[in-house]
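> A structural model of the following input is requested.
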Amino acid sequence: MIPDPETAPLSSEPLTRPQRGDELELQVESLAFGGEGVARLGDGGYVVFVAGAVPGDRVRAVVYKRKRSYAHARTVEVLDPSPERIPPMADHPGVPWQVLPYERQLQIKCAQVDDALRRIGKLEGFELEDIVPAIQPWRYRNKLEYSFGASADGELVCGFHASAGGSRVVPLEDCLLASERGNLAREAALRWCRAQGLTAWIRSAPRELRGGRSRGGDDGEAPPSLGRDAPRRLDPGPHSSADAARRERTGPAPDGRARLRNLVVREGRRTGLLQVRLVTTDGELDAGELAGALSEALGGSLSGVLWSRSRSLAETTAGGDTELVWGEAELGERLGELDLRISPEAFFQTNTEMAEPLYTIVGEYAALEGWERVYDLYSGIGTIALTLAPRAGELWGIELVEEAVADAISGARRNGITKAHFFAGDTRLALRALVERAGRPDVVVVDPPRAGLSKKVVHRIIDASPRRIVYVSCNPTTLAPNAAELVEAGWVLKKVRPVDMFPQTHHIECVALLERA
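Model prediction:
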């Protein structure tokens, strides 16, 4: 059984519980969901999830989080390396599985998909097809979100937050997840920010002020809507102490200039174009000069430069006020035969090369004959829907983010697709309205976020009663309970195929087919 940090069982035996800050010598037995190594303490088998360790390693690790039945630790030193361990290639966090041979990574991902479906979902009788390996094991991401921070001597850096409870930002020389062109964009932006003497925003804040993801409004005409998208929130008022503290935490530096939060570099892998978005606090910034520096460094590959000002206390690049500084607001890209335009905050599969085989599998599982009514839930900018549309009778997409829906509508027009219709709405509320408007679907395709489908959405799908459900999952531990509920309601899990969209990491993508019994 592969342990899961979220469902670690309580032991009936006395446990040896470490304290936060304790250093432990641990023998790592296996890998858990989420990519951490698994070790056990004492006769009670107290579980310690160890970041930076692989099966067979004996490590010295420091505890940074402790729960009643398990703890999390990060590796300080590998005392005795696993026979499977290989030298790392990338000198930065974000690729924890790079110390495992790639074939071994694929084996583990297949085993974790199988284990999740059988152990969590209690599912049997399905076919687990061979995993589709990545075309490129390195430099495959079309979007990178970097954080700004400061080195020990106070120099501005741009990289990734240290893993396993670390808050510092690890600087990068060469991000091996990005293309060489994408690295040039990051280097040029950092060079300009240093020359301007700009400072980094510090993420840490009092617990009572830490907020969730914020989302700003859209400037253009809103797409057609099905259902209300956002719950009402109580406003503490402009004079509350929390509001004043928030303004101070997310306001400009003492000199009145914006503080740097994030750098988002997005690349059209098929078009060779780059979009750069700087995320800051409120404050002054000569964004036009930044655009000039980027244009000089990147030449004709630079598509657009944007500036977002965020007031969120969370570490997020979403929301806030975004303005186009130079070039085009949308990034041009191609996926198969589709000509796409991607808005700054719209979702698009981060591995373009692997999105094509992923959507090919979706098409195979959907098995369309040309007459079916297809629903695409969580449709994003419509890439799955637009791929399937030529083989469907009609296709309807629902997506919460209005900016993405606008991209999907314009994409359908640009590619001459008249069968696809897209609406903005929360699937929990909009699906029932869509069934009343368009009729029951023959096929439902879902591509939800990592949290999977809520029970309400599952019940809405059951009520819609499609003949076939194609579920694209980026988290087998949430696919499993969703699939189990659908099986209990009368569908059969026929087959599942993993696709390696994220080499060198623990993330797993897979496609599942459920057919009504």
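
> quick one: residues contacting Cys158.
Contacts for Cys158 (Cβ atoms under 8 Å, 6 or more residues apart in numbering) come out as Tyr146, Ser147, Phe148, Gly149, Val169, Pro171, Leu172, Arg186, Ala189, Leu190, Cys193, Leu263. All C-beta atoms are positioned from the backbone trio N, CA, C, and that covers glycine.

> now swap in Val169 and tell me
Ser147, Phe148, Gly149, Ala150, Val157, Cys158, Gly159, Phe160, His161, Ala162, Ala200.

> contacts only, for the residue lying closest to it once chain neighbours are set aside.
Take Val169 and drop its neighbours on the chain: the residue closest to it by Cβ to Cβ, 6 or more residues apart in numbering is Gly149, 2.8 Å away. Neighbour list for Gly149: Leu156, Val157, Cys158, Gly159, His161, Arg168, Val169, Pro171, Ala200 [criterion: Cβ under 8 Å, 6+ apart].

> gap between the helix or strand hosting Gly149 and the chain center?
Per DSSP states H and E, Gly149 falls inside strand 143-150. Computed by Cα atoms, centre = their mean, to the nearest Å, the chain-centroid distance of strand 143-150 equals 15 Å.

> and that strand, which strands flank it?
strand 156-161 (antiparallel), strand 260-267 (antiparallel) (DSSP bridges).

> re earlier: identify the farthest-apart pair in the contacts of Gly149.
Pairwise distances across the contacts of Gly149 peak at 15.3 Å for Leu156 and His161 (criterion: Cβ to Cβ).

> which residues in the stretch 401-517 of the chain form helices?
Remark: helices assigned in the stretch 401-517 of the chain by DSSP state H, counting those that start in this stretch are 402-414, 427-438, 455-464, 476-488.

> so which of these gets nearest Arg247?
From these, taking Cβ to Cβ, the stretch that ends up closest is helix 402-414, at 26.5 Å.

> buried set for that closest one?
By neighbour count with 16 or more other Cβ atoms under 10 Å, helix 402-414 contains the buried residues Glu402, Glu403, Ala404, Val405, Ala406, Asp407, Ala408, Ile409, Ser410, Gly411, Ala412.

> which one of those residues is nearest Arg66?
Nearest member of the buried residues of helix 402-414 to Arg66, counting by Cβ to Cβ, is Ala404, at 39.8 Å.

> who are the contact partners of the closest one?
Ser343, Glu345, Ala346, Phe347, Ser379, Gly380, Ile381, Gly382.

> lowest-pLDDT helix or strand in this protein?
helix 241-250 (a mean of 72; mean pLDDT, DSSP states H and E).

> the residue nearest to Val169 bridge partners, please.
Under the criterion used (DSSP bridges), Gly149 bridges to Val157.

> for Val50, same thing?
Applying DSSP bridges, one finds that Val50 bridges with Gly37, Ala73.

> what's the pLDDT at it?
Note on Val50: pLDDT of 95.

> also Ser11?
41.

> how about Ala178, what does it touch?
Taking Cβ under 8 Å, 6+ apart, one finds Arg139, Arg141, Leu144, Arg186, Val265, Glu267 in contact with Ala178.

> Produce a PyMOL select command limited to the buried residues of the residues you listed.
A single PyMOL command is used to select the members of these judged buried by 16+ other Cβ under 10 Å:
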select buried, resi 141+144+186+265+267
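
> confidence score at Gly380?
Gly380 is given a pLDDT of 93.

> how close does the spatially closest residue to it that is not a sequence neighbour sit to His507?
Counting by Cβ to Cβ, 6+ apart, Phe347 is the residue found nearest to Gly380 once chain neighbours are left out, at 4.3 Å. Distance, Phe347 to His507, by Cβ to Cβ, to the nearest Å: 15 Å.

> which one of those two has more residues nearby?
Between Phe347 and His507, Phe347 has the larger neighbour count (other Cβ atoms under 10 Å), namely 20 against 17.

> give the contact list for the more buried one.
Contacts of Phe347 (Cβ under 8 Å, 6+ apart): Gly380, Ile381, Val401, Ala404.

> tell me the contacts of the first one?
Each residue near Gly380 by Cβ under 8 Å, 6+ apart is listed here: Ala346, Phe347, Phe348, Glu399, Val401, Ala404, Ala408, Asp447.

> tally of neighbours for the fourth one?
Going back to what we said before, that points to Glu399. Counted with other Cβ under 10 Å, Glu399 comes out at 29.
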